[in-house]
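# sequence first, then the predicted structure:
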Amino acid sequence: MKDIKNKIIFSAAQPSGNLHLGNYLGAIKQWIDLQNNYKSIFSIVDYHAITIYQEPQKLREKILETAMIYLAAGIDPKKSIIFVQSDVREHTELAWILNTISKISELELMTQYKDKVKKLRSNVSVGLFDYPVLMAADILLYKTDFVPVGEDQKQHIEFARMLARRFNNLYGEIFIEPKEIIIKEGARIMGLDDPEKKMSKSAENQNNYIALIDEPSLIKEKIKKAVTDSGKEIVYDLEKKKGIANLLTIYSLVSSKTIKQLEKEYKGKNYGEFKKDLGEAIVYFLDPLQKNLKKLKENPANVKKILKNGAEQAKIIASKNLEEAKNKIGINY
Ligand code: TYM
């Protein structure tokens, strides 16, 4: 048994758009705390991003910006490994191996894949279909114990766990069966324009999300425009008031006040007052991150150095574990 200090955390985000408040509250916020107690590895998964077409120049910028956001949020390269997925080739190599033990019928069941198919129709790449296998490779490659994520990734981690078990049964025990860490509040922040669907980087409507890089005026405007429900009361009711419930969740997480406290505070007040204060609370909450980000953007060379250094550290673990897997299979002579 590994003691807790040696347990491994791995998580990642795609540089496929603007990281938003959902990504922060559902995932990144946990990473910052967890890095103090675990061996932590955080990646910017560019090979996942290209499973849907990305404009090359934009992708280049977003890879670096995503890394800067990790750092600005408080991921400390002295405590954690931060790297770009494509810098460590072992990810795609292990994905190939895992492809050989993954079943088409299993991948067809993935909710995220099914949702994307609905949107993209016939324009679905093999890469998009195979996405969960590459994600499993990311996780298993480091013999990860825990994966802190938002709720939408639960099914993918269950799949990774199943692949670990299958590999171990077929070839011998080497992979750890990873477990997800999903926080109760914030695991599923909903879209501001449609509280029935999750907040998403790939949403067509910019008013769907608060990007972590949004200017204060834009943040306030987006909150003002957020879809609310008919009625006047500011109460948490997931059945009848999904919009307000989502805003209350966000408010609670950015202000550290409980939802009960907020309900009390806004008793008798209207949606307008509530939204005005919430907009300000988000601006205040994101202010330190945005200030740090501005500083990091002045010196991209320094961030690139951190990433290259992170990739070197990741590679040491990844190449050793991949070699072990290849030996088990008989891919050595
Ligand atoms: P991605 O880039 O979509 O999201 C990054 C993280 O943010 C969480 N998240 C949310 N949490 C709460 N509310 C929301 N509306 C919301 N939207 C996103 C996600 O759950 C995620 O934790 N497949 C992953 C990236 C990935 C990965 C991995 C993650 C690739 N390999 C290995 C963990 C381990 C993804 O697309 O995340």
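Yep, that arrived.
# send me whichever helix or strand Ile9 is part of as CSV with only the CA atoms.
Following DSSP states H and E, one finds Ile9 within strand 8-13. Presented in CSV, the C-alpha positions along strand 8-13 are these (Å, rounded to 0.1, in the frame of the first residue of the first chain):
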residue,chain,number,x,y,z
ILE,A,8,-1.0,9.9,-7.3
ILE,A,9,-3.4,12.5,-8.6
PHE,A,10,-3.8,13.1,-12.4
SER,A,11,-6.1,15.5,-14.1
ALA,A,12,-6.4,17.6,-17.2
ALA,A,13,-8.3,20.0,-19.3
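# show me what secondary structure element comes after it.
Beyond strand 8-13 toward the C-terminal end (DSSP H and E), the next one is helix 21-23.
# give me the helices and strands touching that next one, please.
Using 3 or more C-beta pairs under 8 Å, 6 or more residues apart in numbering; DSSP states H and E, no helix or strand is in contact with helix 21-23. The C-beta positions use only the backbone N, C-alpha and C, and glycine is treated the same way.
# and that helix, how far from the chain's centre?
Centroid separation between helix 21-23 and its chain, computed with C-alpha atoms, centre = their mean, to the nearest Å, is 8 Å.
# which SSE is immediately downstream of that helix?
Following helix 21-23 toward the C-terminus (DSSP H and E): helix 29-34.
# out of the helices and strands in this protein, which is least certain?
The helix or strand of the chain with the poorest confidence is helix 111-120; it has a mean of 90 (mean pLDDT, DSSP states H and E).
# run a quick neighbour tally on the residue in the stretch 51-200 of the chain that the ligand sits nearest to.
In the stretch 51-200 of the chain, the residue that lies nearest the ligand is Gly150 (2.4 Å; C-beta to the nearest ligand atom). For Gly150, the neighbour count with other C-beta atoms under 10 Å is 23.
# next one: Lys297
14.
# and the gap between it and Ile282?
Distance, Lys297 to Ile282, using C-beta to C-beta, to the nearest Å: 21 Å.
# care to break the chain down by domain?
Under the assignment automatic domain parsing, the domains of the chain span 4-187+300-329, 209-294.
# among the ones you listed, which is nearest Glu196?
domain 209-294 (6.6 Å; C-beta to C-beta).
# now the end-to-end length of that closest one.
21 Å (C-alpha to C-alpha, to the nearest Å).
# try stretch 205-213
First-to-last distance for stretch 205-213 - C-alpha to C-alpha - comes to 16 Å.
# same check on stretch 25-35?
16 Å.
# which of the residues in it are buried?
Across stretch 25-35, burial judged by 16 or more other C-beta atoms under 10 Å covers Leu25, Gly26, Ala27, Ile28, Lys29, Gln30, Trp31, Ile32, Leu34, Gln35.
# what's the closest of these to Ala136?
The closest of the buried residues of stretch 25-35, once distances to Ala136 are taken by C-beta to C-beta, is Ala27, at 17.7 Å.
# wait, that closest one touches Ile9, no?
No: at 11.4 Å, Ala27 does not count as touching Ile9 under the criterion of C-beta atoms under 8 Å.
# what does the stretch 151-300 of the chain put close to the ligand?
Within the stretch 151-300 of the chain, the positions adjacent to the ligand are Asp152, Gln153, His156, Ala187, Arg188, Ile189, Lys198, Met199 by C-beta under 6 Å from any ligand atom.
# how about the nearest residue to the fifth one once chain neighbours are set aside, phi and psi?
For Arg188, ignoring the flanking residues on the chain, the nearest one in space by C-beta to C-beta, 6 or more residues apart in numbering is Glu151 at 4.5 Å. Taking degrees, to the nearest 10, you get phi -60, psi -30 for the backbone angles of Glu151.
# what's near enough to touch Ala311?
Phe83, Val84, Asp87, Val88 (C-beta atoms under 8 Å, 6 or more residues apart in numbering).
# out of these, what pair is the most spread apart?
Val84 and Val88, at 8.1 Å, using C-beta to C-beta across the contacts of Ala311.
# the more surrounded of the two?
The neighbour comparison of Val84 against Val88 (other C-beta under 10 Å) goes to Val88, with 25 against 22.
# can you pull the contacts of Asp130?
So Asp130 contacts Thr51, Ala95, Asn99, Leu107 (C-beta under 8 Å, 6+ apart).
# give me the buried entries from those residues.
Of the contacts of Asp130, these count as buried by 16+ other C-beta under 10 Å: Thr51, Ala95, Leu107.
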